[in-house]
Each structure stands twice: as C-alpha cells, then as structure tokens.
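K.L.:
okay, here's the prediction I keep looking at, along with the sequence it came from:
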Amino acid sequence: ESLHSCIGLLGISAGSLLLAVHFYSSPGAAPLIPSTALGILLLIFSALLAYAGIRRSLRNSSLLLSLCLTISVFWCGYGVTFILAGQGALGDAGDLRDAVGPGLATFPVALLPVAVVAFLCREPILALIAAATSLASAHDVALRHRPALGSSAVACNYLLVSLLGGYFALGRSLCFLSKGKIVLPGTDLAKRKPPAQPQPAGGSTNPFAATGLILNMVAAGVLGCRLLGITSKLFLGQVPWLWAAGIYQLGICILSYRAMDVLMATSFGFTSILKFAAGYCLLSPAWQPQEPTFPTPVLVVFSILFAVLALFLALRSPVDGLYLLVYVASCISLACHPKGFFGVGPQGVAVAVFMASGLMALIHLYNGQASAKIPTGQGAVKALLAHSTFLKLREGPDLHAPFLGYSKYGDAEALAYACSALASFALTMPGDPQAPLATVVIPWVVVAGGILKLLGGSVAFARGKTLESSAFILYAVLWIIWGCTRYGGLHGATRSFHAAVGIIAFMLFNGFIVFCTLFLSITWFFYSLTFMLVAVSFFLDAIHALPAGYDLAATLIFGLVSFYCFLSALASSTFEGPCLPRGGPVVQLGAVGAAVPRCPHLPARKASSVRRIADILRDGGTCGIPTDTVYVLVAACSRPDAVEKAHRSKRQAQDRPMSLWISSLKQLEPAKHLFPPLLWDFMEAAWPSPISLVVPRGEWLDFLGMKDSAKYVGTPQSVAIRVPDCSVTTHLMDLVGPIVVTSANPTGEADTTHHNQVYAKLGDQVTGLL
C-alpha cells in the first residue's frame with residue numbers, strides 16, 4: 001500500500017532538489033544545470049509522478065493522486081519550456097517570462113485545494129508538500145517580474161519540499177525494517193482507514209475527477225493571465241502548458257472510464273479538445289501570417305453538446321451540471337468572437353472557468369476524503385423522479401455491465417458519437433487553398449474525430465463490442481488521414497489518384513460494416529450508412545468531381561445522425577427503458593440476435609437459480625455454468641442421455657475428452673475401496689483446487705450411474721477428476737450429484753468467460769445458462 005506513496009513523494013523530493021539547485025545557482029554567470037538538461041530531467045520526474053499518481057495508495061487516494069498528477073503536469077509544461085529556452089526558441093527574457101508565467105501563476109492556486117483538504121483531513125506531509133510547492137511557484141512568478149527579489153526564496157521552498165520527502169522516505173523505511181514497531185509521526189499510511197464513500201446513483205466514486213478539474217484550471221489560466229496582465233501576449237511559448245494539460249486530460253478521461261464515471265469522462269474528453277485547439281491557435285502563427293479561422297458551426301454544436309451533457313450530469317449531481325454550463329458560455333464566446341482565443345471575451349470566460357474549476361476541485365477533494373460532505377445535490381433529482389412512471393434512473397451493479405465478459409471500462413460510445421458530430425460539422429467550414437492550415441481543422445477533425453474516436457473504439461473493444469469498435473477505429477483513421485491530407489496541403493492534383501484509391505478501400509470496408517449493422521440495430525445501420533455518404537464526398541473531392549453542395553449535405557446528415565446517437569447513448573445509460581430508442585436489428589439472427597433466448601439465463605448469485613439449473617440437469621438437460629476458471633458445459637452423470645448429448649453437441653475431439661467433477665470426496669465414498677489409499681489421501685489434500693487428477697478407469701465408474709455413456713468420459717485408459725474451488729459449482733453438484741464437464745465452446749476455439757459467449761457459440765444446444 002505504501003510503495004507508490006513512497007515513489008510519488010520521493011519523486012517530488014528529487015525534482016524539488018533539482019529545482020532548488022537550479023535556483024541557488026541561477027544568479028551566477030552560468031547556471032549549474034543547463035536549461036535543456038533541466039527540462040529533460042523534469043520530464044523524467046514528471047513521468048515518474050504520473051505513474052505514482054495513477055498507482056495511488058489506498059488511504060490517500062484522492063489527495064495523493066491529485067498532488068502527484070498536478071505537480072507532474074506542472075513539471076511537464078515547465079520542462080518543455082526550459083527545453084525551448086535552451087534551444088533558443090523563446091528569444092529574450094521577456095518571452096521566457098511570458099512562457100512560464102501562466103503555469104507559475106496557476107499552480108499556487110491549483111495546489112491550494114490540495115493543501116487545504118490535506119490540513120483538514122489531518123494529512124500533514126501532503127499538506128506541507130502542497131503548500132511549499134505552491135509558495136515556490138508563487139515566489140518564482142514574482143521573481144520573473146521583479147528580479148530584485150532574488151531566487152533564494154524559491155530555492156528555500158523547493159529545499160523544504162525535498163526535506164519533507166526525505167523525512168517521509170526515512171519514516172517508511174524505518175517502519176518497513178522494524179516491521180511496524182518504529183513509525184515516525186505522519187508517515188503511518190495504515191493507521192486509519194478512509195471513510196466509507198457512498199456510491200452515487202450514476203456509478204462508482206471517481207477519484208480522478210478533482211485532478212481533471214485542476215487541469216481545466218491550467219488551460220484557463222493561460223488565457224486568463226493574458227487578460228489580467230500577468231503575461232503580455234499569447235504565443236507558442238505557452239503551448240506546452242495547454243498541450244500538457246490536454247494530454248493529461250486524455251489520461252484522466254481514460255481513468256474516469258475505468259472508474260465507471262461515464263459522464264465525467266465524456267466531459268473531460270470534451271475539454272481536452274478545447275485545450276488542443278487553443279494550443280494549435282497559439283502555435284499556428286509560427287508558420288503562417290494569417291490568424292486561425294474558427295469553424296463557427298462546430299463551436300455552436302460544441303456548446304449544444306456541453307449543454308446536453310450538463311443536463312444529464314445534473315441528474316446525478318446538480319453542482320457538476322451547473323459547472324459545465326461555464327463551458328457552454330466559453331464555446332458561445334468563441335463562436336461570437338472573430339479572434340477566438342485571442343479575443344477579450346473568451347479570455348474573460350476563461351477566468352470564470354478558472355474560478356469555477358478551483359471551487360469544484362475543492363468540493364471533489366473534500367468530499368472524497370472527509371466524512372462530512374459538502375452538499376452537491378446528489379440524490380435530489382433521484383427523489384424528484386422517484387414517482388415518475390416515464391423516467392426512472394438506472395442504478396445497481398449491472399449499470400455498466402458489458403455485453404461479453406468482464407470489463408474494466410465504462411461505455412465510451414457517447415464520446416465517440418459526439419466526436420463524429422464535431423468532426424462532421426467542422427468539414428462544413430471551407431478551407432482556403434492559399435492557406436490550408438489557417439482553418440482550425442486539425443484540432444476539430446483530427447483530434448475530435450480521430451484520436452478521441454480511437455479512444456472510444458478501444459474502450460468499445462475492451463467491452464466486447466467488436467463491430468462497434470471496428471467501425472469507430474475505421475472512421476477515426478479516415479478522419480485523421482483526410483484531415484491531414486485535405487487541410488495540410490498534402491492533397492493536390494498530382495496525388496488525386498492515390499487519395500481516391502485509398503478512399504475506395506475505406507468505402508469497401510465500410511460497406512462490410514454497413515452490412516453487419518443490419519444485424520445490430522437501426523441506429524447503427526443509419527450511422528454507418530450516412531458515413532458512407534461522407535466517404536463518397538471525400539472520393540468525389542479527390543477526383544475533382546464533387547457536385548456543389550453535396551459535401552455540405554452529406555456531412556450535415558451524418559452530423560445529425562451522430563447527434564441523435566449521442567443523445568440515445570446518454571439516455572440509455574441514464575434512464576431505464578428506451579427513452580430515445582435505437583431500434584432492434586433490421587435482420588434477426590437465429591441465435592445471438594434473437595430477441596428472446598430459448599434457454600433461460602439465470603443469475604448465479606440467487607439460490608433459486610442454482611436450484612432451477614439443477615432441475616434442468618436432472619431432467620436430462622445440458623447447461624453452461626461458471627467455475628473457478630472458465631465457463632463449462634455440464635451434464636448430470638445420472639442421466640446417460642444427457643452425457644451423450646453433451647458429447648454430441650460439443651463435437652468433442654478425441655484428444656480433449658470430457659472430465660468428471662464432484663462436489664467432495666463423499667460422492668465417491670461408495671467406491672472408496674477401489675482407490676489406492678495413497679491416492680485417496682492425496683485427493684483429500686489437493687481438493688478443492690484447479691488441479692485435475694488423472695486416474696485409471698475402473699469399476700468405480702459404475703457407481704456414478706452413467707452406464708454406456710461412460711465411454712464418452714475420459715480416454716479408454718483414464719479419467720480426469722476434480723473438485724472445483726467454486727461455491728456455486730459445488731452447491732450445484734450437491735443438488736445434482738457428480739457431473740461430466742467440458743469447455744463451453746466448439747472444439748479448438750477459445751474458452752468462454754461470459755454466458756453470452758456460451759450462447760453465441762453453442763446456441764440452442766444449451767438447455768440453460770447460469
């Protein structure tokens with residue numbers, strides 16, 4: 001439990017010592033550590049802190065990961081800035097001050113909630129480290145504006161952080177070497193347990209939400225500092241802060257999906273797009289004189305997506321829903337202002353985003369640690385909808401259950417659909433042939449439609465949605481290639497044929513996906529079919545035969561279909577029942593796609609379900625059941641016809657015979673005299689376990705009642721026997737008696753780990769599923 005805490009705090013200590021040495025030596029003629037080397041070392045420590053923050057300790061989950069990830073993104077942006085300065089990309093000292101100013105001014109405020117909550121929750125080490133790092137950043141930004149203050153105060157603060165980390169490491173080392181007998185004050189991680197966190201209606205508690213909100217402060221601080229006069233201009237030196245926050249925000253988005261917080265993960269995906277767009281706008285003047293043009297339709301659509309997500313998030317926590325309305329105002333201000341992020345209006349809204357993000361980070365951190373909670377309205381909407389017959393919130397352990405097997409991620413389809421809508425409306429913005437990169441299409445098409453859709457496709461694949469993940473990944477690749485080719489100046493008359501051939505290949509594969517979606521749902525069929533219209537417009541554009549208005553119509557239709565899918569995905573994950581129906585499959589399959597399975601699917605956690613499966617086995621059926629390893633197909637030994645049926649339905653290979661399972665050795669007690677005493681003692685010692693014992697065939701098989709069907713079990717020379725280490729399976733065998741077992745999949749295929757896989761592979765040959 002304490003290992004990752006030690007790694008994180010020792011990383012903070014080592015990085016702070018590095019910065020202390022740098023600031024002590026900075027008044028000299030030549031710095032002791034060159035800027036490029038210092039930046040590279042800070043990036044290394046940043047990666048170490050990111051690892052320690054993700055692999056957090058159990059006790060300080062929210063505080064430790066927030067502290068480690070916040071300092072990690074700070075050092076990441078700071079390190080890249082030092083590298084740019086060392087390579088001469090920033091020019092004079094004024095450029096360096098404007099480059100590091102936003103980060104240095106933001107992080108004292110960003111670390112303040114961590115320090116306050118750590119003090120209130122009696123975490124002195126974390127509180128002192130956060131406070132000292134905050135003071136060091138504040139002194140650093142003051143030093144940049146008034147060099148007369150000297151760098152000693154900054155170095156002293158970083159040295160204090162280093163000493164605190166060393167004290168913590170010493171305390172943990174003594175505790176480990178003395179086996180807990182010597183514990184220094186403030187270093188005992190196992191002294192107290194965290195307060196039990198209530199599970200919200202929408203899913204599990206998300207310990208990464210506070211860090212995502214702090215990252216929103218970083219991006220807003222870059223724009224707010226320009227409005228407040230802390231920096232004199234916006235330029236490429238501030239891009240590291242924006243893109244570092246955007247990259248970390250993508251990581252927080254993935255971690256939020258792992259925490260089963262779908263709504264917050266979707267919001268973090270949205271805000272990461274804005275960070276990448278802002279960084280692109282600041283970077284674009286480096287290679288072109290024109291100011292970047294913003295696709296106004298995209299910003300309008302983005303504000304609508306934020307508003308819809310705020311509405312659904314308010315159903316779980318009204319305060320979180322109100323917070324997202326600040327981003328609605330941000331998108332509207334960007335759409336109304338011709339200069340985009342360079343305008344005063346968006347910068348003013350950025351200040352509001354900064355303040356709201358800081359307040360929300362404080363609330364999430366405090367509620368994640370303290371027993372007394374700051375009220376956020378959780379449960380209020382649930383109480384209002386309790387008497388509604390039309391709208392009923394979904395909740396329970398199966399809220400995020402995947403289709404096939406166990407998954408560590410929540411459903412990311414809503415984010416993928418939203419990115420499709422953003423990318424399609426971005427293409428409605430015509431590009432300037434003389435300045436193809438002047439339109440901000442790379443962040444809106446490549447990032448939104450490409451990278452984030454790849455993220456959604458990967459999560460869908462992890463949840464067992466093979467077809468959906470294939471479609472998302474295919475569309476993401478096409479968005480990335482076409483966005484870079486069409487708007488990156490790579491597409492011209494000499495390359496038209498090559499682009500057309502590539503698009504035809506994508507169209508052929510998408511045609512296969514359109515065919516497959518006939519068996520999935522009506523919405524997916526229209527989603528893939530309308531994307532085919534977009535691909536056709538790409539093809540016609542590549543061969544210079546695009547009719548006037550066709551590309552606009554195709555992208556608008558695909559954008560509207562994507563928006564409906566986005567609404568439907570949010571509604572289906574929030575409410576019970578089809579509020580926004582997706583429709584069933586256009587063509588029904590005989591097995592998996594059938595509306596009603598012919599065999600009962602019964603939950604194993606209910607004793608009545610186990611008894612019903614036992615009745616089916618006693619009646620001569622074959623059932624798929626879970627075990628301590630994988631799903632298996634079983635039949636009762638007392639029903640020879642069922643044993644033969646299991647062998648026939650499984651198409652059992654000669655080299656993989658069926659085995660015999662018992663609940664305990666008591667079921668073999670009548671035949672005990674036929675077993676050698678040493679073997680009997682070994683079976684008593686080895687079971688229950690995953691170990692199967694291969695024993696010679698003999699007269700003992702006659703006691704099981706299999707009669708002539710015994711030839712289907714084992715080989716002519718031996719039989720494998722096992723007592724599984726699974727309470728459900730042994731309870732079933734207590735009711736039925738010994739059973740014959742084979743893996744629940746056709747011979748030669750992969751083992752099954754979920755009941756839907758069993759039914760998909762064996763179909764109606766299975767009489768019941770547990």
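P.N.:
Alright, I've got the coordinates. Note that the coordinates shown come from a computational prediction; the quantities given were computed from them, not determined experimentally.
K.L.:
domains of this structure?
P.N.:
With domains defined by the TED database, the chain comprises 412-575, 607-769.
K.L.:
end to end, how far does the shortest one reach?
P.N.:
It stands for domain 607-769. Terminal residues of domain 607-769 lie 14 Å apart, using C-alpha to C-alpha, to the nearest Å.
K.L.:
please identify the helix or strand for the residue nearest to residue 243 when sequence neighbours are not counted.
P.N.:
Nearest residue to residue 243, sequence neighbours excluded (C-beta to C-beta, 6 or more residues apart in numbering): residue 279, at 4.5 Å. Every residue, glycine included, has its C-beta placed from N, CA and C. In the assignment (DSSP states H and E), residue 279 maps to helix 262-283.
K.L.:
what average pLDDT does that helix get?
P.N.:
Average pLDDT, helix 262-283: 92.
K.L.:
keeping just the C-alphas, turn the helix or strand that comes right after that helix into CSV.
P.N.:
Sequence order places helix 296-316 as the next helix or strand after helix 262-283, per DSSP H and E. Provided in CSV are the C-alpha atoms of helix 296-316 (Å, rounded to 0.1, in the frame of the first residue of the first chain):
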residue,chain,number,x,y,z
THR,A,296,-18.4,28.6,-36.1
PRO,A,297,-20.8,25.7,-36.7
VAL,A,298,-18.5,23.4,-34.7
LEU,A,299,-18.5,25.8,-31.7
VAL,A,300,-22.3,26.1,-31.8
VAL,A,301,-22.6,22.3,-31.9
PHE,A,302,-20.0,22.0,-29.2
SER,A,303,-22.0,24.4,-26.9
ILE,A,304,-25.1,22.2,-27.5
LEU,A,305,-23.1,19.0,-26.7
PHE,A,306,-21.9,20.6,-23.5
ALA,A,307,-25.4,21.7,-22.6
VAL,A,308,-26.9,18.2,-23.2
LEU,A,309,-24.1,16.6,-21.1
ALA,A,310,-24.6,19.2,-18.4
LEU,A,311,-28.3,18.3,-18.3
PHE,A,312,-27.6,14.5,-17.9
LEU,A,313,-24.8,15.2,-15.4
ALA,A,314,-27.2,17.4,-13.3
LEU,A,315,-29.4,14.3,-12.9
ARG,A,316,-26.6,12.8,-10.8
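K.L.:
so how far is helix 296-316 from its chain's centroid?
P.N.:
Between the centre of helix 296-316 and the centre of its chain there are 20 Å (C-alpha atoms, centre = their mean, to the nearest Å).
K.L.:
and what of stretch 313-333?
P.N.:
21 Å.
K.L.:
before we move on, what about stretch 223-232?
P.N.:
With C-alpha atoms, centre = their mean, you get 34 Å for stretch 223-232.
K.L.:
for that stretch, which positions count as buried?
P.N.:
Within stretch 223-232, the residues that qualify as buried are 223-227, 230-231, counting by 16 or more other C-beta atoms under 10 Å.
K.L.:
reformat the residues you listed as CSV; add secondary structure, pLDDT and distance to residue 462.
P.N.:
Output for the buried residues of stretch 223-232, formatted as CSV (DSSP: H, G, I helix; E, B strand; the rest coil; pLDDT from 0 to 100; distance: C-beta to C-beta, whole Å):
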residue, secondary structure, pLDDT, distance to residue 462
223, helix, 91, 35
224, helix, 91, 37
225, helix, 90, 39
226, helix, 90, 41
227, helix, 90, 42
230, coil, 87, 43
231, coil, 88, 42
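K.L.:
how about those residues, which pair is most distant?
P.N.:
Within these, 223 and 230 form the most distant pair, 11.0 Å apart (C-beta to C-beta).
K.L.:
hang on, the earlier thing: so the residue nearest to residue 243 is in contact with residue 246, correct?
P.N.:
Yes: using C-beta atoms under 8 Å, residue 279 is in contact with residue 246, at 6.7 Å.
K.L.:
picking that back up, against residue 248, how distant is the residue nearest to residue 243?
P.N.:
13 Å (C-beta to C-beta, to the nearest Å).
K.L.:
try residue 515
P.N.:
40 Å.
K.L.:
before we move on, the earlier item: more neighbours: which of residue 279 and residue 248?
P.N.:
residue 248 (27 against 24; other C-beta atoms under 10 Å).
K.L.:
quick check: angle from the helix or strand where the more buried one lies to helix 262-283?
P.N.:
Assigned by DSSP H and E, residue 248 belongs to helix 239-258. Between helix 239-258 and helix 262-283, the angle comes out at 170 degrees (axes from the mean of the first three to the mean of the last three C-alpha atoms, to 10 degrees).
K.L.:
roughly how far out does helix 239-258 sit from the chain middle?
P.N.:
11 Å.
K.L.:
surely residue 761 touches residue 743?
P.N.:
No: between residue 761 and residue 743 there is no contact under C-beta under 8 Å: 10.1 Å.
K.L.:
need the overlap of contacts for the two.
P.N.:
Counting by C-beta atoms under 8 Å, 6 or more residues apart in numbering, the common neighbours of residue 761 and residue 743 are residue 752.
K.L.:
may I see the buried residues of stretch 23-41?
P.N.:
23-24, 26, 31, 33, 35, 38-39, 41.
K.L.:
and stretch 559-568, which residues are buried?
P.N.:
In stretch 559-568, counting by 16+ other C-beta under 10 Å, buried: 559, 561-568.
K.L.:
tell me the helix or strand right after the top helix by length along the chain.
P.N.:
The longest helix of the chain (DSSP state H) is helix 93-120. Next in sequence after helix 93-120, counting helices and strands by DSSP H and E, comes helix 124-145.
K.L.:
now do that next one: which elements does it pack against?
P.N.:
helix 3-25, helix 61-86, helix 93-120, helix 152-177 (3 or more C-beta pairs under 8 Å, 6 or more residues apart in numbering; DSSP states H and E).
K.L.:
out of those, which comes closest to residue 634?
P.N.:
helix 61-86 (41.5 Å).
K.L.:
gap between that closest one and the chain center?
P.N.:
Worked out by C-alpha atoms, centre = their mean, helix 61-86 lies 21 Å from the chain centre.
K.L.:
quick one, it and helix 239-258 angle?
P.N.:
150 degrees.
K.L.:
so what does helix 61-86 touch, helix or strand wise?
P.N.:
Looks like helix 61-86 contacts helix 3-25, helix 35-54, helix 93-120, helix 124-145, helix 209-228, helix 239-258, helix 344-369 (3+ C-beta pairs under 8 Å, 6+ apart).
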